[in-house]
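Enquirer: let's see this in three dimensions:
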Amino acid sequence: MTPSWTDLPGHRHWLETEAARLLSFAAAARHPVGGFAWLDAEGRPEPERGVRAWITCRMTHVFALAHLRGVPGAGPLADHGVRALRTVLRDPEHGGWYSALDAEGRPAEDGKNAYDHAFVLLSASSAAAAGRPGARELLDDVIAVIEERFWREAEGRCLESWDRAWSGTEDYRGANSNMHLVEAFLAAADATGDPVWLERALRMAGFFIDEAARGHGWRLPEHYSADWEPRLDYNSGERAHPFRPYGATVGHALEWARLLLHLESGLTDPPGWLLEGAEAMFGTAVATGWHADGADGFVYTLDWDDTPVVRERMHWVIAEAVAAAAVLHRRTGRPRYEELYRLWWDHAARFFIDPGAGGWHHELDPANRPAATVWDGKPDVYHAYQAVLLPTLPLRPGLAGALAHAAGQELPFRS
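Expert: Modelled structure (predicted):
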């Protein structure tokens, strides 16, 4: 029997080396006003672009995970992110977190978005699990905001956005923000020990995957009205939107496949549709999204007849493909997942990983050449870093919990 790559010392060494390389690249992003700056294609920070909450949160999460792995210097970088989330990015008047600051640290976007708050919860959970100063207070704060402002118990899902003063909401609901809230709820379950986060994640996944995706042939509608009716034509005039693109988003299907198995791992009596949905979402994404236009790579989006819409290739999609294949192989032992895991690492190494400037190219054109149609620069390392960690970790709800479990440690703050 052919051994899994994750059992081979050479592959594990390669993953470790790539993890260290990504951390070294990310460390340059520290912004002087707090949080982390956008990095350009050469890895140079662009402080004039200000600070975005989602970048700061993702980087904080990555550095907290690195600290849990015993990487010197990662803890202080996580602390830098936690401080920014407790100070300059926090709205002192109305609560919650700004989406962005300008270069001087003033609010540049003051709406309150579920997407940003999902990453605040994720980073706070990981930093708290890593025992970083101020992280538990941040975690308690964001939990209170999400429970009061975003979570809707009757629906079992979260609102999309508010204005700064929490006086009005958007007439839109999104699967993307709720998917990242599932991820954050899983991390919060590990960090707090409270099973309510697993229960909520299961309710959210039940709607989006067991109902919506199943009802559309395992192709997930991403956009909804305020009463949760799918809007299949949403953004038909802005098809390459970086956060709300038109059509089916291939990478999100792969990401959901992985998250369903993380969720399954934390439940005492998980429903059978979690594994069924994970395999179906993954299988449909691969059948429709890989090599969809005749060239290697995953297209960004598909129309509802599986015709490629945006053909550019995103780094986060191949990262999620690798991670999902690794998790599915560990869960099922099926050789096909190992074959795809190897295929996609070969693809990432050839086209996405940038050994010269560092990091990963965030976008490639349909011929697999670096591009900047949807994304310019290399704003963060979150997807790539998780892709090099997950293949060797035990299957747990959150990555911080998996790292602590692998090291035989108890998470701090657990009751």
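Enquirer: what are the ranges of the strands in the stretch 51-200 of the chain?
Expert: 51-52, 100-101, 107-109, 112-113, 151-152, 157-158, 161-162, 173-174 (DSSP state E, counting those that start in this stretch).
Enquirer: looking at these, spot the one closest to residue 68.
Expert: Proximity to residue 68, assessed across the strands of the stretch 51-200 of the chain by C-beta to C-beta, is greatest for strand 51-52 (24.4 Å). For glycine as for every other residue, the C-beta is placed from the backbone atoms N, C-alpha and C.
Enquirer: what pairs with that closest one, parallel or antiparallel?
Expert: Note on strand 51-52: by DSSP bridges, its sheet partners are strand 100-101 (antiparallel).
Enquirer: pull the distance from the partner strand to the chain's centre.
Expert: 20 Å (C-alpha atoms, centre = their mean, to the nearest Å).
Enquirer: so of the strands of the stretch 51-200 of the chain, which one's packed in deepest?
Expert: Comparing the strands of the stretch 51-200 of the chain by mean neighbour count (mean count of other C-beta atoms under 10 Å), strand 51-52 ranks first with a mean of 26.
Enquirer: which outside residues touch that strand?
Expert: Identification of contacts with strand 51-52 by C-beta atoms under 8 Å, 6 or more residues apart in numbering yields 31, 33-38, 84, 88-89, 99-101, 105, 379.
Enquirer: at 6 Å what do you get?
Expert: Strand 51-52 has contacts (C-beta atoms under 6 Å, 6 or more residues apart in numbering) with 31, 35, 100, 101.
Enquirer: go on, stretch 2-15?
Expert: Residues contacting stretch 2-15 (C-beta under 6 Å, 6+ apart): 338, 388, 391, 392.
Enquirer: farthest-separated two in these?
Expert: 338 and 388 (16.8 Å).
Enquirer: settle it for me: which of the two has more neighbours?
Expert: The neighbour count for residue 338 versus residue 388, taken as other C-beta atoms under 10 Å, is higher for residue 388 (23 against 20).
Enquirer: what average pLDDT does the strand or helix carrying the more buried one get?
Expert: With elements taken from DSSP states H and E, the one containing residue 388 is helix 382-389. The average pLDDT within helix 382-389 is 98.
Enquirer: that one: how far from the chain's middle?
Expert: 10 Å.
Enquirer: report the contact partners of residue 183.
Expert: Residues near residue 183 by C-beta under 6 Å, 6+ apart: residue 259.
Enquirer: and the gap between it and residue 14?
Expert: As judged by C-beta to C-beta, to the nearest Å, residue 183 and residue 14 stand 26 Å apart.
Enquirer: repeat that for residue 366.
Expert: 28 Å.
Enquirer: spatially nearest residue to residue 247, not counting backbone neighbours?
Expert: In space, and not counting its chain neighbours, residue 247 is closest to residue 301: 4.4 Å by C-beta to C-beta, 6 or more residues apart in numbering.
Enquirer: contacts for the lowest-mean-pLDDT helix or strand in the chain, please.
Expert: In the chain, no helix or strand scores lower on mean pLDDT, DSSP states H and E than helix 399-406, which sits at a mean of 91. Residues outside helix 399-406 that contact it (C-beta under 6 Å, 6+ apart): 65, 68, 126, 129, 190, 393, 394, 396, 411.
Enquirer: of those, closest to residue 172?
Expert: After measuring these against residue 172 - C-beta to C-beta - the closest member comes out as residue 126, at 28.5 Å.
Enquirer: how about the host helix or strand of residue 10: buried residues?
Expert: According to DSSP H and E, residue 10 maps onto helix 9-26. Buried residues in helix 9-26, counting neighbours by 16 or more other C-beta atoms under 10 Å, are found at 11, 15, 18, 19, 21, 22, 23, 25, 26.
Enquirer: for stretch 61-80, same thing?
Expert: By neighbour count on 16+ other C-beta under 10 Å, the buried set for stretch 61-80 is 61-69, 74-75, 77-80.
Enquirer: between its first and last residues, how far does it reach?
Expert: 11 Å (C-alpha to C-alpha, to the nearest Å).
Enquirer: likewise stretch 372-382?
Expert: One end of stretch 372-382 to the other measures 19 Å (C-alpha to C-alpha).
Enquirer: quick one: it to chain centroid distance?
Expert: 14 Å.
Enquirer: and stretch 252-260, by the same measure?
Expert: The answer for stretch 252-260 is 10 Å, by C-alpha atoms, centre = their mean.
Enquirer: where among the strands of the stretch 51-200 of the chain is average confidence lowest?
Expert: Of all those, strand 107-109 has the smallest average pLDDT, which comes to a mean of 93.
Enquirer: what sits up against that strand?
Expert: Contacts of strand 107-109 (C-beta under 6 Å, 6+ apart): 50, 98, 99, 100, 101, 102.
Enquirer: the first one and residue 100, how far apart?
Expert: Relative to residue 100, residue 50 is positioned 6 Å away (C-beta to C-beta).
Enquirer: show the average pLDDT along stretch 34-44.
Expert: 97.
Enquirer: any buried residues in it, and which?
Expert: 34, 35, 36, 37, 38, 39, 41, 43.
Enquirer: wait, isn't the last one in contact with residue 355?
Expert: No: with contacts defined as C-beta atoms under 6 Å, residue 43 does not count as touching residue 355, sitting 12.0 Å away.
Enquirer: JSON lines for the strands of the stretch 51-200 of the chain, including distance to residue 333?
Expert: Below are the strands of the stretch 51-200 of the chain laid out as JSON lines (distance: least, C-beta to C-beta, whole Å):
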{"stretch": "strand 51-52", "distance to residue 333": "40"}
{"stretch": "strand 100-101", "distance to residue 333": "44"}
{"stretch": "strand 107-109", "distance to residue 333": "46"}
{"stretch": "strand 112-113", "distance to residue 333": "40"}
{"stretch": "strand 151-152", "distance to residue 333": "36"}
{"stretch": "strand 157-158", "distance to residue 333": "33"}
{"stretch": "strand 161-162", "distance to residue 333": "42"}
{"stretch": "strand 173-174", "distance to residue 333": "35"}
